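**Student:** Below is the sequence, then the predicted model.
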Amino acid sequence: MDAALKVENLNKYFHEPEDFHVLQDISFSVGKGEFVPIIGKSGSGKSTLLYLLSTLDTDYTGEIRINNDLVTGKSQNDLARFRNRNIGFVFQFHFLLPEFTALENVMLPALKLGRLSQEEIRQKALDILKQLQMEAFAQKLSSKLSGGQQQRVAIARALINDPAIIMADEPTGNLDSVNTGLVFDIFKDLSHHKGITILTVTHDLDFAKGADRVIEMIDGKISAEHA
């Protein structure tokens, strides 16, 4: 299987209030179209790891490759462009703009990328919302949507630029069991039928259980991988 993400000998230190080796010699790869949760107790380093993999934090040693492209060492401007083209983000707190409609929120990353016309972006955003059963709410302000609806809009926004990989940090942390199941089904469909790699940090063991493979972290190290 081709690797969508490859990590070699990743180390990360915090220096305040004192030196702390937070990630220790992390090496693993994730295949294209694979759905892989990272689990572990609070403080295990899983969110710190996701932050490095997302290229938002560049203070580490080791190498990160995404789609065979070495992202380690790129300039901040190059990384910003790379993220917008290749990585979709979904967070526990969806970070939708409350004064914008669902449709406008989904369109924003594509407008920033500037590959398509505004009308093409609008149509594409509507198509994605339809796939996620959110087309009826396209013109509704995001602040007026339920938590589950907001998270589906956040997933649609992550998909608008056809990313190779979606990185999600506790994407079901604020959702009830019904909406958690819906997000799981969406991620599974995206990975298995659309070939998008899904890498998600989660505390929810039930959510992780049905994925392709689970990476478990303890004290800044990968302790196990479960198929």
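**Tutor:** That came through fine.
**Student:** contacts and neighbour counts: CA atoms only from here.
**Tutor:** Will do.
**Student:** Counting by contacts, list what the helix of greatest length in the chain packs against.
**Tutor:** Identified as the longest helix of the chain according to DSSP state H is helix 177-194. Using 3 or more CA pairs under 8 Å, 6 or more residues apart in numbering; DSSP states H and E, the elements in contact with helix 177-194 are strand 35-39, strand 197-201, helix 205-209.
**Student:** for this structure, what spans make up the helices?
**Tutor:** According to DSSP H, the helices that the chain contains are 46-53, 76-86, 102-113, 118-131, 147-159, 177-194, 205-209.
**Student:** State the mean pLDDT of the longest helix of the chain.
**Tutor:** Per-residue pLDDT values over helix 177-194 give a mean of 88.
**Student:** before we move on, the earlier item: can you add distance to residue 23 and mean neighbour count and give the helices of the chain back as JSON lines?
**Tutor:** Listed next are the helices of the chain as JSON lines, based on distance: least, CA to CA, whole Å; neighbours: other CA atoms under 10 Å:
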{"stretch": "helix 46-53", "distance to residue 23": "7", "mean neighbour count": "20"}
{"stretch": "helix 76-86", "distance to residue 23": "22", "mean neighbour count": "15"}
{"stretch": "helix 102-113", "distance to residue 23": "31", "mean neighbour count": "21"}
{"stretch": "helix 118-131", "distance to residue 23": "36", "mean neighbour count": "18"}
{"stretch": "helix 147-159", "distance to residue 23": "27", "mean neighbour count": "24"}
{"stretch": "helix 177-194", "distance to residue 23": "27", "mean neighbour count": "17"}
{"stretch": "helix 205-209", "distance to residue 23": "22", "mean neighbour count": "15"}
